[in-house]
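*Asks:* Pasting a predicted model and its sequence here:
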Amino acid sequence: MAQRLIVIGGDAAGMAAASQARRRRDRADLEIVAFERGHYTSYSACGIPYWISGLVPEPDALIARDPDTFRGKFQIDVRMRHEVTAIDLDRREVVARDLEGGREIRERFDELVYAAGAVPIKPPFARTDVGGVFGMQTLDDGAALRDWLESEPKPRRAVVVGGGYIGVELAEALILRGLSVTLVEQADQPMATVDGDMAELVADAMTGIGIHIRTGLGVTGLEERDGRISAVVTAEGPIPADVVVLGLGVRPNTELAKAAGLPTGPTGAIRVDRRMRVPDLPGVWAAGDCVECLHRVSGMPVHVPLGTHANKQGRVAGINIGGGYATFAGVIGTAVTKVCDLEVGRTGLREKDAVAAGFEFVSVVAESTNRAVYYPGARTMTVKLIAERPNGRLLGAQIVGWSEAAKRIDALAVALWNGMTVDEMTSLDLGYAPPYAPVWDPVLIAARKAVDALTSSAR
Ligand SMILES: Cc1cc2nc3c(=O)[nH]c(=O)nc-3n(C[C@H](O)[C@H](O)[C@H](O)COP(=O)(O)OP(=O)(O)OC[C@H]3O[C@@H](n4cnc5c(N)ncnc54)[C@H](O)[C@@H]3O)c2cc1C
């Protein structure tokens with residue numbers, strides 16, 4: 001009899017695992033059933049802000065593979081609009097509810113992949129009975145926001161609560177749709193994924209495109225009129241709103257897993273080993289936004305919910321279930337985003353992470369240009385490097401600038417991943433031509449500055 005793989009969650013991690021397992025084991029050997037409670041499989045949540053803004057016209061463009069493709073080409077039995085409500089590890093069964101038919105079914109498994117992702121953090125004030133208040137995690141969330149923006153009376157005033165990268169990207173999307181946008185952030189800076197000095201550059205760019213930023217301010221409640229949002233309540237008075245987007249971050253979606261006895265770690269996400277196996281539970285795997293993993297620089301477990309990791313982790317789980325051998329090597333926190341034309345990249349540790357991890361370090365900020373200064377379109381690029389003291393090992397990097405800024409972080413990520421020192425980085429053979437870089441690339445200029453800082457700190 002064929003073995004049975006059940007996958008919970010039909011997006012990046014779950015379907016990467018299912019597809020990889022199928023590539024290695026045919027249907028006679030392994031039946032695969034994937035449960036997805038939403039309306040879509042394998043979609044790019046990362047593309048939602050660009051669909052909201054109208055840059056991407058149709059949600060279909062964000063779908064890499066639809067359920068029929070999985071059913072046909074991959075012979076994966078995808079059950080859409082089915083929510084798994086319980087996992088019985090003793091009987092090796094899951095219980096799922098058909099959200100449209102109302103029926104409850106039980107399915108047995110030999111192997112189980114838990115890939116239920118993350119859920120937006122919803123503070124107590126975020127009542128779900130008020131129309132026009134949205135969390136943002138799945139394509140269904142994006143569709144609900146699009147519908148609201150297109151319904152009558154047309155919303156004109158948006159408040160985005162929280163200034164993480166999802167909040168910032170959605171604030172930009174709403175500005176591009178012609179709404180007036182206020183971003184309210186409890187901390188003293190938006191974009192907490194970079195240090196305060198770099199976040200200031202991002203905040204300036206946001207203000208420059210018309211986003212009102214209110215930092216150091218918490219939202220404490222919502223006001224409604226006739227069941228529709230009318231304002232968010234803050235200590236400095238109400239801010240009128242016809243639509244509210246919550247960008248307060250996400251938490252791992254682990255309730256179901258915890259109820260079944262899957263272990264969670266210090267971050268609250270599911271613990272897995274390098275092969276994405278859940279410890280001490282043979283045949284149980286987890287991947288994506290619901291798991292924690294190793295930060296290669298701090299050595300600490302971290303929860304970094306990003307699509308790039310979800311896809312890789314799902315692939316690793318699938319290869320292993322298929323009988324191969326693969327491991328997930330951990331993360332260094334590389335991420336990129338943009339505010340209109342301003343690009344932001346980061347990798348490794350911020351200053352506060354380096355302090356928390358107990359490192360001695362220097363940090364430098366170097367300003368140069370993205371192109372040769374005489375080449376049309378040359379603009380400022382700011383590179384920050386954090387290097388361990390006294391050995392000079394790169395611990396973290398951040399870049400804010402115009403074109404060619406964001407993906408430059410990849411060179412720094414490779415250097416950091418491989419444990420390079422800033423001194424070694426000064427000799428890196430990086431590409432140069434006037435349309436793409438000054439003769440001393442901004443990365444090299446920053447590395448030289450870091451070497452100088454290390455030398456002075458040693459005196
Ligand atoms: C607006 C936005 C922008 C983003 N931009 C980027 C970016 O630029 N770069 C980047 O790397 N990452 C980005 N991300 C993050 C990225 O989308 C996620 O890290 C990735 O989707 C995680 O994949 P996953 O499969 O682990 O979880 P998810 O994509 O959340 O998929 C989990 C699936 O499980 C389903 N599910 C949950 N519980 C159950 C259940 N009980 N039964 C059945 N189904 C269930 C859910 O409906 C969901 O479809 C962005 C996310 C958002 C929301």
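*Replies:* Yep, that arrived.
*Asks:* Going along the chain from the helix or strand containing residue 230, find the next helix or strand for me.
*Replies:* Per DSSP states H and E: residue 230 is located in strand 228-234. Reading on from strand 228-234 to the C-terminus, the next helix or strand found by DSSP H and E is strand 239-240.
*Asks:* Just list the residues touching residue 324, thanks.
*Replies:* Residue 324 makes contact with residue 24, according to C-beta atoms under 8 Å, 6 or more residues apart in numbering. The way it works is simple: take the backbone N, C-alpha and C, and place the C-beta from them, glycine included.
*Asks:* Read off the pLDDT value for it.
*Replies:* Residue 324 carries a pLDDT value of 98.
*Asks:* now the strand holding residue 230: mean pLDDT?
*Replies:* Mean predicted lDDT for strand 228-234 stands at 96.
*Asks:* Please compute how far that strand lies from its chain's middle.
*Replies:* Distance of strand 228-234 from its chain centroid, counting by C-alpha atoms, centre = their mean, to the nearest Å, is 27 Å.
*Asks:* list the helices and strands that strand packs on?
*Replies:* strand 219-225, strand 239-240, strand 243-246 (3 or more C-beta pairs under 8 Å, 6 or more residues apart in numbering; DSSP states H and E).
*Asks:* Up against the ligand, what does the stretch 101-250 of the chain have?
*Replies:* By C-beta under 6 Å from any ligand atom, the residues of the stretch 101-250 of the chain that approach the ligand are 115, 116, 117, 118, 136, 137, 138, 166.
*Asks:* redo that, cut-off 8 Å
*Replies:* 115-120, 136-142, 165-166, 169-170, 250 (C-beta under 8 Å from any ligand atom).
*Asks:* For PyMOL, write the select line for the buried members of those residues.
*Replies:* Command for PyMOL that selects the buried part of those, burial taken from 16 or more other C-beta atoms under 10 Å:
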select buried, resi 115+116+117+118+119+120+136+137+138+139+141+142+165+166+169+170+250
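*Asks:* coming back round to it: and the helices and strands packed on strand 228-234, which is most packed in?
*Replies:* Most buried of the helices and strands packed on strand 228-234, by mean neighbour count (mean count of other C-beta atoms under 10 Å): strand 243-246, with a mean of 24.
*Asks:* Mind giving me the packing neighbours of it?
*Replies:* Partner elements for strand 243-246 (3+ C-beta pairs under 8 Å, 6+ apart): strand 133-134, helix 139-150, strand 157-161, helix 165-176, strand 228-234.
*Asks:* now for whichever helix or strand comes after that strand, which elements pack on it?
*Replies:* Later in the chain than strand 243-246, the nearest helix or strand by DSSP H and E is strand 250-252. Secondary-structure packing of strand 250-252 (3+ C-beta pairs under 8 Å, 6+ apart): strand 118-120.
*Asks:* Other residues contacting the strand it packs on?
*Replies:* Contacts for strand 118-120 (C-beta under 8 Å, 6+ apart): 135-137, 141, 246, 248-253, 289-290, 305.
*Asks:* quick revisit: report the angle between the strand holding residue 230 and strand 157-161.
*Replies:* Angle, strand 228-234 to strand 157-161, by axes from the mean of the first three to the mean of the last three C-alpha atoms, to 10 degrees: 50 degrees.
*Asks:* of all the contacts of strand 118-120, which comes closest to the ligand?
*Replies:* Of all the contacts of strand 118-120, the ligand sits closest to residue 289, with 3.8 Å by C-beta to the nearest ligand atom.
*Asks:* tell me the contacts of that closest one?
*Replies:* Applying C-beta under 8 Å, 6+ apart, the residues contacting residue 289 are 13, 117, 118, 250, 252, 253, 305, 310.
*Asks:* Now do the contacts for the second one.
*Replies:* Meaning residue 117. 9, 11, 13, 137, 138, 253, 288, 289, 290, 305, 310.
*Asks:* Restricted to helices, list these.
*Replies:* In helices, judged by DSSP state H, the following of the contacts of residue 117 are found: 13, 310.
*Asks:* with the contacts of residue 117 in mind, which one is nearest to residue 317?
*Replies:* Taking C-beta to C-beta as the measure, residue 317 lies nearest residue 13 of the contacts of residue 117, at 7.7 Å.
*Asks:* Return the per-residue confidence for residue 102.
*Replies:* In this model, residue 102 carries a pLDDT of 94.
*Asks:* in the stretch 251-400 of the chain, which spans are strands?
*Replies:* Remark: strands assigned in the stretch 251-400 of the chain by DSSP state E, counting those that start in this stretch are 284-286, 293-294, 301-302, 335-339, 342-348, 361-369, 380-388, 394-401.
*Asks:* for the chain, longest helix please?
*Replies:* The chain, longest helix under DSSP H: helix 442-458.
*Asks:* In CSV: the strands of the stretch 251-400 of the chain, plus mean pLDDT, mean neighbour count and distance to residue 230.
*Replies:* What follows is the strands of the stretch 251-400 of the chain, written out as CSV (pLDDT from 0 to 100; neighbours: other C-beta atoms under 10 Å; distance: least, C-beta to C-beta, whole Å):
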stretch, mean pLDDT, mean neighbour count, distance to residue 230
strand 284-286, 98, 28, 41
strand 293-294, 96, 20, 42
strand 301-302, 97, 18, 39
strand 335-339, 94, 21, 28
strand 342-348, 97, 25, 32
strand 361-369, 97, 19, 43
strand 380-388, 98, 24, 40
strand 394-401, 98, 28, 36
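*Asks:* if we can go back for a sec, out of the helices and strands packed on strand 243-246, which one sits most buried?
*Replies:* strand 157-161 (a mean of 26).
*Asks:* how far does that strand sit from the chain's center?
*Replies:* 21 Å.
*Asks:* Could I get the average pLDDT for it?
*Replies:* Mean pLDDT, strand 157-161: 97.
*Asks:* Over to stretch 408-419?
*Replies:* 97.
*Asks:* which residues are contacting that stretch?
*Replies:* With C-beta under 8 Å, 6+ apart as the test, stretch 408-419 has contacts from 296-297, 332, 334, 336, 345-348, 381, 383, 385, 393-399, 424-425, 428, 430, 441-443.
*Asks:* and the ligand, which of those residues reach it?
*Replies:* Counting by C-beta under 8 Å from any ligand atom, residue 336 from the contacts of stretch 408-419 sit close to the ligand.
*Asks:* related to what we said a few turns ago, farthest pair in the contacts of residue 289?
*Replies:* 13 and 250 (13.9 Å).
*Asks:* Near the ligand, which residues of the stretch 301-450 of the chain are found?
*Replies:* 305, 306, 307, 308, 309, 310, 311, 313, 314, 335, 336, 337.
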